[in-house]
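[1] pasting the sequence and the predicted model now:
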Amino acid sequence: LGAQRSRGQVPTVRWRHDVDSSSGHANLATGIATCACSILVCAGTTAIAESYVNNRSELVQDYDQHVEDWKLDLRDDLLASKLRFTATWNASAYPYDRTPSASSQASVTQDMVPTDAPERSFQDAESETGLLSYTPLRFISSVELPSYYPDDRNDPWDMLPGKASAPTISFDFEMRSRNGSRSRFVTKPYPLFWDEVQRPRTPAPDNKCRRQQQGTWRNNQCHVVKRLKKVCVQVDRDEAGDWQLHSWTASTTSAPAGDMDEAPEPDSTGLPESGVRETFGCDPHESWKPPSFMIDNCWGEFHITSAACEAVRTPGTPFSVDVVVRSAEDPFLRAVELTHDTLNFGLSPWSQRAYGITMLVVGMVLCVVPVYRFRDWLKGKRKRSEDSDTRALRYSVGRRDRGLQWDLDDEAYGTSAGIYGSRSM
């Protein structure tokens, strides 16, 4: 060994390092293969099991039935109707003293026009296989409201009122059906715009207020301005053929748990009773409430730079609120209900089984690696046990032989030398 060290050769240490490195790579590969094997086998088994309780066919059949009914007469009934609304807002609550009277109100009456613009595209896992096509229809309009921005860009940006004291707007709809009957339904007042103090995000709350929360940092608080973006209501026909508001109740399958109230009972004017949440909207993310709101990231002294913001911040530029009326029998709303707003009817049983079998096969192939490694580990353990037994047996025999040899040597020594110290006597 000394000669090898003098020549700079240490083969034993280098060989040991190579063995440890190879063992580490093998253990890493075994761990990855084990995880992938477990995941694929579990996922494949689950997919195969779920394929036997697959309800895609029922969902598609329900949706197609609504499409056929829509094509038969429901769309024509809606198209033959006439619709208009009157929007009324309390202009006295506007900032910057733009109203001559403290109790003044403003209103506007507009007709709504039908449109067949495309809806959101489906995200179906089977590429809409089995889903019937149809032509959408809804009534749309928009109301332009006075700006709540300063009249001059150099004017100070005063704080807007909170949501409780914000200016509001209500809508009074009048709808005439194909048979000439007229219906009227009124919404609750909705806030137009307001200032909302949100919890600051740290660190650097002032920067995150502007960049992430799209607000204004003032007095160590993040102020975010929100405004009304759209009002959408659903209508359907009663037994007499008259149009009425369609409210989503707790029994609706797509209603989020805990967010649905009982359907509001309208009075003679069509206005729901006070204290009852309106649930005749079009968006399940809003709990089927008619209004939807947006963050106004253009408001404030410091704002994002964009052409849209420059246009809105121009003094005297009004802002608009979209108004939509659609039939509760619209196939798109039915698809939203059936798919819980994912617009995905899921995989077919055949596809689930195909994917499940594929994952099982790949998972079982990967399982060969940990099984092979476990087999080698068992063989190594058995070999180490046998080697240990052999060494123990050799050690015991050696001790016995050495002990016998020692006794023989002592006897020979005693014969030749006699008793200890006898030579000196």
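    Perfect, I can see it now.

[2] show me what contacts residue 40?
    By CB atoms under 8 Å, 6 or more residues apart in numbering, the residues touching residue 40 are 359-360, 362-363, 366. Placement of C-beta: from N, CA and C, glycine included.

[3] and residue 43, by the same measure?
    Residues counted as contacts of residue 43 (CB under 8 Å, 6+ apart) are 356, 359, 363.

[4] those residues in helices, which ones?
    356, 359, 363 (DSSP state H).

[5] redo those residues as CSV? Include neighbour count and distance to residue 283.
    Shown next, in CSV, are the ones in helices among the contacts of residue 43 (neighbours: other CB atoms under 10 Å; distance: CB to CB, whole Å):
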residue, neighbour count, distance to residue 283
356, 20, 35
359, 20, 36
363, 20, 41
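
[6] one step back: how about JSON lines for the contacts of residue 40, with pLDDT and distance to residue 141 added?
    Converted to JSON lines, those look like this (pLDDT from 0 to 100; distance: CB to CB, whole Å):
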{"residue": "359", "pLDDT": "93", "distance to residue 141": "51"}
{"residue": "360", "pLDDT": "92", "distance to residue 141": "55"}
{"residue": "362", "pLDDT": "93", "distance to residue 141": "55"}
{"residue": "363", "pLDDT": "91", "distance to residue 141": "56"}
{"residue": "366", "pLDDT": "89", "distance to residue 141": "59"}
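
[7] closest one of the residues you listed to residue 156?
    For those, the closest approach to residue 156 (CB to CB) belongs to residue 359, at 63.4 Å.

[8] wait, doesn't the closest one sit right on residue 38?
    No: using CB atoms under 8 Å, residue 359 makes no contact with residue 38, being 11.5 Å away.

[9] for the stretch 151-300 of the chain, what are the low-confidence residue spans?
    Within the stretch 151-300 of the chain, the set of residues satisfying pLDDT under 70 comprises 153, 249-276.

[10] which residues in it form helices?
    In the stretch 151-300 of the chain, the helices defined using DSSP state H, counting those that start in this stretch lie at 205-211.

[11] just put the contacts of residue 43 in a markdown table and tack on distance to residue 143.
    Output for those, formatted as a markdown table (distance: CB to CB, whole Å):
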| residue | distance to residue 143 |
| --- | --- |
| 356 | 53 |
| 359 | 54 |
| 363 | 59 |
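
[12] for those residues, which one is nearest residue 209?
    residue 359 (46.4 Å).

[13] for the stretch 301-425 of the chain, what spans make up the strands?
    Taking DSSP state E, counting those that start in this stretch, the strands of the stretch 301-425 of the chain run over residues 319-327.

[14] could you pull out the helices for it?
    Going by DSSP H, counting those that start in this stretch, the stretch 301-425 of the chain shows helices at 307-312, 331-339, 349-366, 368-417.

[15] and which of the ones in helices among the contacts of residue 43 is nearest residue 221?
    Of these, the one sitting nearest to residue 221 (CB to CB) turns out to be residue 359, at 51.8 Å.

[16] contacting residues for that closest one?
    Shown in contact with residue 359 (CB under 8 Å, 6+ apart): 40-41, 43-44, 47.

[17] possible to save these as JSON lines with secondary structure and pLDDT?
    Output for those, formatted as JSON lines (DSSP: H, G, I helix; E, B strand; the rest coil; pLDDT from 0 to 100):
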{"residue": "40", "secondary structure": "helix", "pLDDT": "92"}
{"residue": "41", "secondary structure": "helix", "pLDDT": "92"}
{"residue": "43", "secondary structure": "helix", "pLDDT": "92"}
{"residue": "44", "secondary structure": "helix", "pLDDT": "92"}
{"residue": "47", "secondary structure": "helix", "pLDDT": "90"}
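
[18] need the residues you listed in CSV with distance to residue 68, can you?
    Compiled in CSV, the contacts of residue 359 are given as follows (distance: CB to CB, whole Å):
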residue, distance to residue 68
40, 41
41, 43
43, 37
44, 37
47, 32
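
[19] show me the contacts for the nearest residue to residue 146 once chain neighbours are set aside.
    Distances taken as CB to CB, 6 or more residues apart in numbering place residue 318 nearest to residue 146, at 5.9 Å, with adjacent residues excluded. Applying CB under 8 Å, 6+ apart, we find residue 318 in contact with 144-147.

[20] again, only using 10 Å
    Applying CB atoms under 10 Å, 6 or more residues apart in numbering to residue 318 gives the contacts 143-148, 312.

[21] against residue 152, how distant is the closest residue to residue 282 other than its chain neighbours?
    Distances taken as CB to CB, 6+ apart put residue 232 closest to residue 282, at 3.9 Å, once the chain neighbours are dropped. Counting by CB to CB, to the nearest Å, the gap between residue 232 and residue 152 amounts to 35 Å.

[22] quick one, strands of the stretch 51-200 of the chain?
    For the stretch 51-200 of the chain, the strands defined by DSSP E, counting those that start in this stretch occupy 82-89, 106-111, 113-115, 138-145, 168-176, 182-186, 190-191, 193-198.

[23] what's the closest of these to residue 63?
    strand 138-145 (18.0 Å).

[24] that closest one packs against which elements?
    Other elements packing on strand 138-145 under the criterion 3 or more CB pairs under 10 Å, 6 or more residues apart in numbering; DSSP states H and E are helix 75-79, strand 82-89, strand 106-111, strand 113-115, strand 168-176, strand 221-237, strand 319-327.

[25] buried stuff in the second one?
    Translated: strand 82-89. In terms of neighbour count (16 or more other CB atoms under 10 Å), strand 82-89 has its buried residues at 83, 85, 87-89.

[26] same thing with the fourth one?
    By neighbour count on 16+ other CB under 10 Å, the buried set for strand 113-115 is residue 114.

[27] list of residues touching it?
    With CB under 10 Å, 6+ apart as the contact definition, strand 113-115 has outside contacts at 75, 78-83, 136-141, 324-325.

[28] and with 8 Å instead?
    In contact with strand 113-115 (CB under 8 Å, 6+ apart) are residues 78-79, 137-141.

[29] redo these as TSV? Include pLDDT and distance to residue 380.
    Formatted as TSV, the contacts of strand 113-115 follow (pLDDT from 0 to 100; distance: CB to CB, whole Å):
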residue	pLDDT	distance to residue 380
78	94	77
79	94	80
137	96	74
138	96	72
139	97	78
140	97	75
141	96	80
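
[30] buried among these? Need that as a selection in ChimeraX.
    Remark: buried members of the contacts of strand 113-115, expressed as a ChimeraX selection using 16+ other CB under 10 Å:
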select :78,137,138,139,140,141
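
[31] show me what contacts the most centrally placed residue in the chain?
    Central residue of the chain (CA atoms, centre = their mean): residue 342, 10.2 Å from the mean position. Listed by CB under 8 Å, 6+ apart, the contact set of residue 342 reads residue 123.
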